[in-house]
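*Asks:* here's my sequence, what's the structure:
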Amino acid sequence: MKTAPIIPTSEFAKRRKQLLTALGDNAIAIIQASKVVIRNRDADFPFRQDSDFLYLTGFNEPNAVAVFIPGRPEGEYILFCQAKDPAMERWTGKRAGIEGVVKDYGVDQAFKLEELDQQMIKLLAGRREVYYRLGFETEFDLRVLTWLNALRRQARNGVAVPHTFKLLDTLVHEMRLFKSPAELEMMRYAAQVAARAHTQAMRSCRPGLFEFEVQAEIEREFRKEGMEPSYTSIVGGGENACILHYVENRSELKAGDLLLIDAGSEHQGYASDITRSFPVNGRFSLEQGQLYQVVLDAQKAAIAAVKPGNHWDAPHQAAIRSLTAGLVELGLLQGELEELIQDPPKPEDGSAAKEAPYRQFYMHKTGHWLGLDVHDVGDYKINGEWRILEPGMVLTVEPGLYISPADHVDPKW
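*Replies:* A predicted model of the protein is given here:
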């Protein structure tokens, strides 16, 4: 079995250095970890660390708070975390503790979580700019305001109070958009496992199974490699495949139907995302094969448009043109290509705008950024213009056709 790749501690340190440089003098950045979320009564959802926090720290415990202060003599990277507690660790697992985070996670100075309020007032004093994810968590927003109000009460004593808030998201998300070689290796590994899982699903699928049984085959492959789903698996047979975010996965699979699977694995936070469709009984009908070929051609056209120098929307436009041309060839659409792919002008009377004809069969974008989140962070437009693709960016390419029974659609489709 291949050794699973990891992000080295040196890379986390490099990311923090990049952030500290971007913050500049007299600034402070604050970011909180995820909390454990209750599922019901005494049962919790599986813990998943906040992606921004994980990106900067590599620390996978809940409730922590990381603080970054450029040029601080006592240390630029401060972490508040749960202290070691043998009694609690017997119930909920081992903790790194104050000494552990300094030793193993590159932290310059660590405090117990119980010291957060007291220490943050001191750390904020004299800083002019605060970088923070404002609006991300209301409860924590109120806590930050409490610290600022405490500082304001000290203003008469000459204590400088921060006067500018800036979104930390802007800096961190731009960093996350460009993947390092180590990150790309993590994502390749996750994608390889997901591909094997999809192949296993194809092998195991047959009429009479239920969608959840195929889902179990996929997620078994994930678990075998110590991974988990990067999002809720979609396993939709027949008409269920036309529900874009179908997650019930409860129906019986029938001969003659297609099965759509949209499922990906997550390796140490890094996501894969694969969508495939295939016949439940292992054999395409003539019409199914024709539609499959139209989508495959569109995928190849979109992939060809994914290259540095093209803008973000170029793969989508390539997919639209290819799909629409294929639908015309099959007789599902009639008309000139340019007219079929353009949205009509908005009515002047304020009535509902009509959509381009192709949208009845293809109603979503062709892809999205991929990384620590399956719908990863990063701006798609800069100053109102589609972003230019650059090396290090990772995006999905997933065109499709969704043909449900309708009066204007030949039943053979």
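*Asks:* please give me every residue in contact with residue 258.
*Replies:* 237, 238, 241, 277, 278, 279, 280, 288 (Cβ atoms under 8 Å, 6 or more residues apart in numbering). Any C-beta I mention is one placed from the backbone N, CA and C, and that applies to glycine too.
*Asks:* which of these fall in strands?
*Replies:* 237, 277, 278, 279 (DSSP state E).
*Asks:* neighbour-wise, give me the winner out of the contacts of residue 258.
*Replies:* When neighbours are counted by other Cβ atoms under 10 Å, residue 237 leads the contacts of residue 258 with 24 neighbours.
*Asks:* correct me, but that residue touches residue 212?
*Replies:* No: under the criterion of Cβ atoms under 8 Å, residue 237 is not in contact with residue 212, lying 11.1 Å apart.
*Asks:* is it possible to export the ones in strands among the contacts of residue 258 to JSON lines including distance to residue 40?
*Replies:* Formatted as JSON lines, the ones in strands among the contacts of residue 258 follow (distance: Cβ to Cβ, whole Å):
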{"residue": "237", "distance to residue 40": "30"}
{"residue": "277", "distance to residue 40": "35"}
{"residue": "278", "distance to residue 40": "36"}
{"residue": "279", "distance to residue 40": "39"}
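*Asks:* out of the residues you listed, which is nearest to residue 371?
*Replies:* Using Cβ to Cβ, residue 277 comes nearest to residue 371 of these, at 25.2 Å.
*Asks:* which residue is the nearest non-sequential neighbour of that closest one?
*Replies:* Closest residue to residue 277 apart from its sequence neighbours, by Cβ to Cβ, 6 or more residues apart in numbering: residue 260 at 4.7 Å.
*Asks:* which residues does the nearest residue to residue 240 once chain neighbours are set aside contact?
*Replies:* Excluding the flanking residues, the one nearest residue 240 by Cβ to Cβ, 6+ apart is residue 246, at 5.1 Å. Contact partners of residue 246, counting by Cβ under 8 Å, 6+ apart, are 234, 236, 240.
*Asks:* same thing but at 10 Å, please
*Replies:* 211, 232, 234, 235, 236, 237, 239, 240, 260, 262 (Cβ atoms under 10 Å, 6 or more residues apart in numbering).
*Asks:* so which of the residues you listed belong to helices?
*Replies:* Using DSSP state H, the subset of the contacts of residue 246 located in helices is residue 211.
*Asks:* and stretch 345-359, how far apart are its ends?
*Replies:* End-to-end distance for stretch 345-359: 15 Å, by Cα to Cα, to the nearest Å.
*Asks:* who touches it?
*Replies:* 320-321, 323-325, 327-328, 332-335, 337, 339-344, 362-363, 401.
*Asks:* element containing the residue lying closest to residue 278 once chain neighbours are set aside, please.
*Replies:* Counting by Cβ to Cβ, 6+ apart, the nearest residue to residue 278 once its immediate chain neighbours are dropped is residue 202, at 5.6 Å. Taking DSSP states H and E as the definition, residue 202 sits inside helix 181-204.
*Asks:* that older thread, thought the residue nearest to residue 277 was touching residue 242?
*Replies:* Yes: in this structure, residue 260 is within contact of residue 242 by Cβ atoms under 10 Å, at 8.5 Å.
*Asks:* joint contacts of those two?
*Replies:* Shared contacts of residue 260 and residue 242, counting by Cβ under 10 Å, 6+ apart, come down to 236, 400, 402.
*Asks:* and those residues, which are buried?
*Replies:* 236, 400 (16 or more other Cβ atoms under 10 Å).
*Asks:* from the shared contacts of residue 260 and residue 242, which single one is nearest residue 133?
*Replies:* Using Cβ to Cβ, the shared contacts of residue 260 and residue 242 come closest to residue 133 at residue 400, 33.4 Å.
*Asks:* if we ignore the residues flanking it in sequence, what's nearest the closest one?
*Replies:* residue 295 (6.0 Å).
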